[in-house]
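1. return atomic coordinates for the entry below.
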Amino acid sequence: MLLAIDVGNSNHVIGLFKEKKLLTHWRIRTEWNRTADEYWVLIKEFILISEADVETIDDIVISCVVPTLVPILEEMAHKFFSCEPLIVGPGIKTGIPILYRNPAEVGADRIVNAVAGFEKYGGPLIIVDFGTATTFDAISKKGEYLGGAISPGIQISMEALFNNTAKLPRVDLAAPENVIGKSTVESIQSGSFYGFKGMIDYMTSLMKKELGPGTKVIGTGGVAPNFIGQIDSIETFDPFLTLEGLKILFYKNRATRKDEPG
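-> You can find the predicted model right below:
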């Protein structure tokens, strides 16, 4: 079986695949000081709860936007799974040309999403990832990664509002019934939710003009469920797009890895 680990700034999303089928998945908080042993205990417990056998995990693929955690996860893979993990980064086969001025600058998660998005939906395509940051990634009709945009995620924006004002309270992310709030909480929720919604719709409309007719828009990421049915421009929400991309990249690179000496 294949263990796929997507490390974000706020959360890890972990998936277990059997014969390319996603069996189960988990989400844990990203903590920069976790050890390889701690990762092993957490992941092993999740696997056992899912009634899977740890011994059947043969391979691991990792996408990580927190560089300090890469060697920790590599150590876990070597020590407890006796395998060499595939780390998404420069040098791996993606199957898509990356047209960024400096391809090494593109976050691993954005490449993973682009690979999965183009394989599943074709192009031209816009992928909106609702995470710690909100990212917009553009893929051409030919399957080229063109670039995109990055903005603060809604949760860190709301947290910044609370932390940098004297009287405004911390509130939950929710869509109020009316845009015109009748209380401070409703006003913050309105400005955050509907302002964020408007930003998504406007950004995707501008990107569609550059990409041309037939452009699809896909949403994914941890905060995405809060906006299902709320954002007109997003046609489909795909919660496991990144995990699917990790699986695709693993199999694209498996033959090369098997041929490597040692």
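2. in this protein, which spans are strands?
-> Using DSSP state E, the strands found in the chain span residues 2-7, 11-18, 21-29, 59-64, 86-87, 125-130, 133-139, 145-152, 216-220, 236-237.
3. including distance to Gly195, mean neighbour count and mean pLDDT, could those strands go into a markdown table?
-> (Glycine included, C-beta is placed from N, CA and C.) A markdown table is the format used below for the strands of the chain (distance: least, C-beta to C-beta, whole Å; neighbours: other C-beta atoms under 10 Å; pLDDT from 0 to 100):
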| stretch | distance to Gly195 | mean neighbour count | mean pLDDT |
| --- | --- | --- | --- |
| strand 2-7 | 28 | 24 | 95 |
| strand 11-18 | 24 | 20 | 92 |
| strand 21-29 | 26 | 14 | 90 |
| strand 59-64 | 30 | 24 | 95 |
| strand 86-87 | 37 | 21 | 95 |
| strand 125-130 | 14 | 26 | 97 |
| strand 133-139 | 12 | 23 | 96 |
| strand 145-152 | 11 | 17 | 96 |
| strand 216-220 | 17 | 23 | 96 |
| strand 236-237 | 20 | 16 | 94 |
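4. tell me which of the ones you listed sits nearest to Phe196.
-> Comparison of the strands of the chain against Phe196 by C-beta to C-beta identifies strand 133-139 as nearest, at 7.9 Å.
5. before we move on, the earlier item: dump the strands of the chain to a markdown table, plus distance to Lys182.
-> Below are the strands of the chain laid out as a markdown table (distance: least, C-beta to C-beta, whole Å):
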| stretch | distance to Lys182 |
| --- | --- |
| strand 2-7 | 40 |
| strand 11-18 | 33 |
| strand 21-29 | 34 |
| strand 59-64 | 43 |
| strand 86-87 | 50 |
| strand 125-130 | 27 |
| strand 133-139 | 28 |
| strand 145-152 | 27 |
| strand 216-220 | 30 |
| strand 236-237 | 30 |
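6. give me the contact list for stretch 188-202.
-> 128, 134, 151, 154, 157-158, 161, 168-169, 171-176, 178-181, 227, 230-234 (C-beta atoms under 8 Å, 6 or more residues apart in numbering).
7. who touches Asp172 in this structure?
-> With C-beta under 8 Å, 6+ apart as the criterion, the residues that contact Asp172 are Gln189.
8. what score does it have for pLDDT?
-> Reading off the confidence values, Asp172 has pLDDT 90.
9. how much space between it and Ile154?
-> According to C-beta to C-beta, to the nearest Å, Asp172 stands 12 Å off from Ile154.
10. same question, Gly117
-> Going from Gly117 to Ile154 by C-beta to C-beta gives 21 Å.
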